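Take a look and give me a structure for this.
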Amino acid sequence: MDSGALTLIFPMVLVVLANTIYNICAKSTPGDVNPFATLIVTYFIAMLVTIVLFFAIAKPDNAILELSKINWTSIVLGIAIVALETGYILIYRVGWNVSNASVVANICLACTLLIVGFVVYKENISLKQILGIVICIIGLILVTK
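Below you'll find the model as predicted:
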């Protein structure tokens, strides 16, 4: 396998592996703990890991310069991540199965992002993608019945 294929495959494997662990943890979060209390610990650990990776792997020559490049997206992403993780914890608390919740959420997300890509980023939507959305909607009906 060439390095180009590894470059394409590694991030996808990382997302799938991390998302699997993420959903297991969200489903296993104790039902009697305040979701925001658990997220405080989660984000503290995430912050520590991020700081270590920032300095150990990225090895920025000038950390202040790197941090000065940050724009509004980091703030909105932080808010979105809290909403996402709170949503998953609540999804599992109201009784969704781990096998269905992520499938339904990700199919809805894929359909939404197809529309966002078309409207915001002027990406083309092919007939295959439209057919894919139809199949996804049929899949949603089958999975949730």
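
Secondary structure element for the closest residue to residue 96 other than its chain neighbours, which one?
Among residues not flanking residue 96 along the chain, residue 104 sits closest, at 7.9 Å (CB to CB, 6 or more residues apart in numbering). Where C-beta positions appear, they are placed from N, C-alpha and C, glycine not excepted. Taking DSSP states H and E as the definition, residue 104 sits inside helix 98-119.

what's in contact with that helix?
Contact partners of helix 98-119, identified using CB atoms under 8 Å, 6 or more residues apart in numbering, comprise 19, 23-24, 27, 88, 91-92, 96, 123-125, 129, 133, 136-137, 139-140, 143-144.

Report the separation between the residue nearest to the spatial centre of the chain and residue 127.
Closest residue to the average C-alpha location of the chain: residue 19 at 7.1 Å, with CA atoms, centre = their mean. Between residue 19 and residue 127 the distance is 29 Å, computed by CB to CB, to the nearest Å.

Quick one: the helices in this protein, in order.
3-28, 35-53, 63-68, 72-93, 98-119, 127-144 (DSSP state H).

the inter-axis angle of the longest one versus helix 72-93?
Helix 3-28 runs at 50 degrees relative to helix 72-93, counting by axes from the mean of the first three to the mean of the last three CA atoms, to 10 degrees.

same question for helix 3-28, mean pLDDT?
Mean pLDDT, computed over helix 3-28, is 91.
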